[in-house]
Each structure stands twice: as C-alpha cells, then as structure tokens.
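In: Starting from these lines, generate the structure:
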Amino acid sequence: MDGSAPTTLTDALNKEFQDSHPGVTVKYEVQKWGGIQEKLTTALTSNNPPDVIELGNTQTAKFAAEETLEDLSGDVSALNGDQWLGGLKDSLTWDGKQYGLPFYAANRTVIYRTDLFEAAGIASPPTSRDEWVAAAEKLKAANAADPEFQSVYLPGQSWYVLLSFIWDEGGDVAKPQGSAWAGALDTPEAKAGLEFYKKMVDASGTKAPKDADEATPQQMEVFGTGKVGMMIGLPWELAGAVKANPDLKDKTSAFPIPSKTAGKAAPVFLGGSNLAIPAGSKNTDLAKDYLKLLSGKKYQDMLAEGGSVPGTSTDTAKLATNPVGKALAESAPGGKVTPTTPAWAAVEAGQNPLKDMLTAYLTGAKSLDQATSDANASLSKTLAG
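Out: The predicted structure is shown next:
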C-alpha cells in the first residue's frame, strides 16, 4: 500500500527472493488506500488473484469471514510467530485461525514542544495522567498572554485517543457476546475514560472543534502554527508540521500517552497493516516463502529503521533511535485493535457512534450517562448487523 514499506526494503526483498528462486519473477504493485476495500473484493473473488496482499488491520476480519484468505495457522512458527506484535495478531485471528501475519504498526504518542516545556518549568515529560494534566495547566498559565495558545490540541472527535483512555481504565468499546459483539460504552470503565477526555479538554484550553476529528482541520497544520504545546498524533503528523514550519525541527520530542498508573504507558490503538495470501492464489507455496523471508530479522529491522513498529519482531532497537521512535517502541507492546469482526467496518464507515458520543458529552448536549447509553445502543445495533 502507498506509504507502507520503504522502497529500499521492497527492492531488496524482491531481489533476494528472485535470486533464491530461479525462474520466478515478483510483480510488485503499490495501491492507494482510497477505494482499496472494493478493489480487494474484486481481486480476491477473481480467477487469478494476487499471491500476497497487504490489507488494513481493521479490514482483515471481513475478508477472513468471506473465506477469501488462506488459513496460515499451520505456518505461524515458520513465520516468526513467537515474535508477532500482539495487537496485530489479534486483528488477523478469525474463528480461532490465523489469516495472515502482522506487517507493521504505528501508534499515537504525545508530541510536544521542548522549548515551551522548558519555559514553563516542566523538567521532564509526564509519566502519569495526573502529571500530564498538570503539564497542560502549566503550559496554559505560562502562555496566558497569548489568546491563540493551546497547551494541547485535542479535537472533540479524536476517538482513537479516547480508546486509549477507555482501555487504560480497564474497559473496552465492545465485548464478545456469543458469536457476535455488543457495545460496552455504558460501563463504568468506559465512562471513566470519557470523563478523562473531558478533563484534558478542559485543562488544555484547546480551541479545536468539538464536532470534528483530527483531520478537520489537519491537526499537524495547527501544530505547525507554533501556537500549540502538545498534540496526540502519529509520526507522519509531526513530519508534516515540521515540513510546514522547519523551525520546529529541533524543538519537538515525544512521550507515550501516559497511563493513570504512574510510570506506565496507556494502551494505544495500533494502526497498521497485515499481509495475507488470497485463498485463490496459484502460487501458495511461493507466497509462503515470500512471507517467511519478509518476517525475518533483516527486513523487520529495515521496517524499524523506516520508522514503523515491526510486525514480526520484538526487537525495536532500530526504531528507538529518536524520541518519536522511542515513544512508539514503548507504547506498541501494549497496543490493541478495534473488535475483530466484519461488522466493525460499518462502524467507521457510517455515523460513528463514538464520535457522536464525544461531541454530545463535550458540548453538554447530553449527560455522561445519556451520551454513553445512546452510543452503546447504536454501536450494538451496528455490530449486530
């Protein structure tokens, strides 16, 4: 997929594979994410599908349930299975079987301005939620003369951030119920996560819209204005902010989203991809060899050097060479994914009840109990199909 593995990795991988398999040619194509689910659906049901595909971790269950992916349960050990990233492994497990292997992951960290922290007397990055709130309040006080300043830019509908807070409380958005899933947004743990979200919004003085997510406007553009102390984002968002405002290059760093338990990182949503073999592949054995080569340390280290959390290696030394990579590496082992069910795609593609819940609660349109109850009913209905 566009923006996944660096070409230095794929060029080397394809050459090594071809050299070790005389007479075999790798036809390698890069696809755009836009419309990929429809394109994959067409390809996987054709008479001549690709032999190896990359797909998003939230898409994997859909295709596994449709029986268009090869069951790789018997190949896990040969594919470095004891090193797989836990959250991504969960995303490719369907009905007790493995339908691929983890490719790479990225997760959100707290990206911050080191110069503003120093000026506000914040000696070191927060290592607990209480310290994080205190840092936000110190930044707000130190920059009170600037009406445009925001200590944390936190949009009202950043539901991936909310997941961290809910998981940190021991809750979840949904739970298995028989063969299906049901919402769990009305539990005390989920409510506590939502309450902390509001606490951070209030402490930060954020001017972000309460009815939009981090893409409207793009939060990296807001951070790039130089009027923001922290944002909760992905590595590419920091890169985008620095590209727009090169002055930020030497003034930024990152730390893991803190847990309420001091010294721990909160669980994070693992965005990322899996690799799978279509069930209709004409070259299954070659495809398995290809995945075996990619899952080894050599190419996993290359993924880490490129700034991604490797999917089939627990060695993140090559990633932790800069502050953002170090924060990613610290957070990823505790990472999680959304419910592994084909029905989840409809949650994100439709009127996302988590976004509606956040906006209703943060604006005061609904009480905490009403907002969570309504969202839970909507989520349960969608997950039930």
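In: Could you use CA atoms for every contact and neighbour count after this?
Out: Noted.
In: which stretches of the stretch 1-150 of the chain form strands?
Out: Remark: strands assigned in the stretch 1-150 of the chain by DSSP state E, counting those that start in this stretch are 53-56, 93-94, 97-98, 101-106, 109-113, 150-153.
In: would you turn those into a markdown table with mean neighbour count?
Out: Output for these, formatted as a markdown table (neighbours: other C-alpha atoms under 10 Å):
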| stretch | mean neighbour count |
| --- | --- |
| strand 53-56 | 20 |
| strand 93-94 | 20 |
| strand 97-98 | 18 |
| strand 101-106 | 28 |
| strand 109-113 | 24 |
| strand 150-153 | 28 |
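In: Which residues are in contact with the closest residue to Pro6 other than its chain neighbours?
Out: Spatial nearest neighbour of Pro6, chain neighbours left out: Gly306 (6.7 Å); criterion: C-alpha to C-alpha, 6 or more residues apart in numbering. Gly306 makes contact with 5-6, 319, according to C-alpha atoms under 8 Å, 6 or more residues apart in numbering.
In: and with 10 Å instead?
Out: 4-6, 8-9, 300, 318-319, 325 (C-alpha atoms under 10 Å, 6 or more residues apart in numbering).
In: Doesn't Ala287 lie inside a strand?
Out: No: read with DSSP: H, G, I helix; E, B strand; the rest coil, Ala287 is helix and lies in no strand.
In: Share the number of residues neighbouring it, please.
Out: 19 (other C-alpha atoms under 10 Å).
In: My guess is it contacts Thr25. True?
Out: No: using C-alpha atoms under 10 Å, Ala287 is not in contact with Thr25, being 11.9 Å away.
In: how far away is Asn48 from Gly56?
Out: 21 Å (C-alpha to C-alpha, to the nearest Å).
In: Got the phi and psi for the most centrally placed residue in the chain?
Out: Closest to where the C-alpha atoms of the chain average out (C-alpha atoms, centre = their mean) is Gly271, at 2.5 Å. The phi and psi values for Gly271, taken as degrees, to the nearest 10, are phi -80, psi 150.
In: How about the contacts made by it?
Out: Under the contact definition (C-alpha under 10 Å, 6+ apart), the residues listed for Gly271 are 56-58, 87-88, 104-108, 160, 234, 335-338.
In: mind checking pLDDT for the residue nearest to Pro6?
Out: At Gly306, the model reports a pLDDT of 89.
In: How much space separates it from Leu101?
Out: Gly306 is 19 Å from Leu101, by C-alpha to C-alpha.
In: ok so, going back, which of the contacts of Gly306 are buried?
Out: Buried members of those, counted by 16 or more other C-alpha atoms under 10 Å: 4-5, 9, 300, 318-319, 325.
In: farthest-separated two in the residues you listed?
Out: Largest separation among those by C-alpha to C-alpha: Leu9 and Gly325, giving 18.3 Å.
In: before we move on, back to that, of the buried ones among the contacts of Gly306, which is the nearest to Glu131?
Out: Nearest member of the buried ones among the contacts of Gly306 to Glu131, counting by C-alpha to C-alpha, is Gly325, at 21.9 Å.
In: Can you name the next helix or strand after the one helix or strand Lys326 maps to?
Out: With secondary structure defined by DSSP states H and E, Lys326 is part of helix 323-331. Sequence-wise, the next helix or strand downstream of helix 323-331 (DSSP H and E) is helix 344-349.
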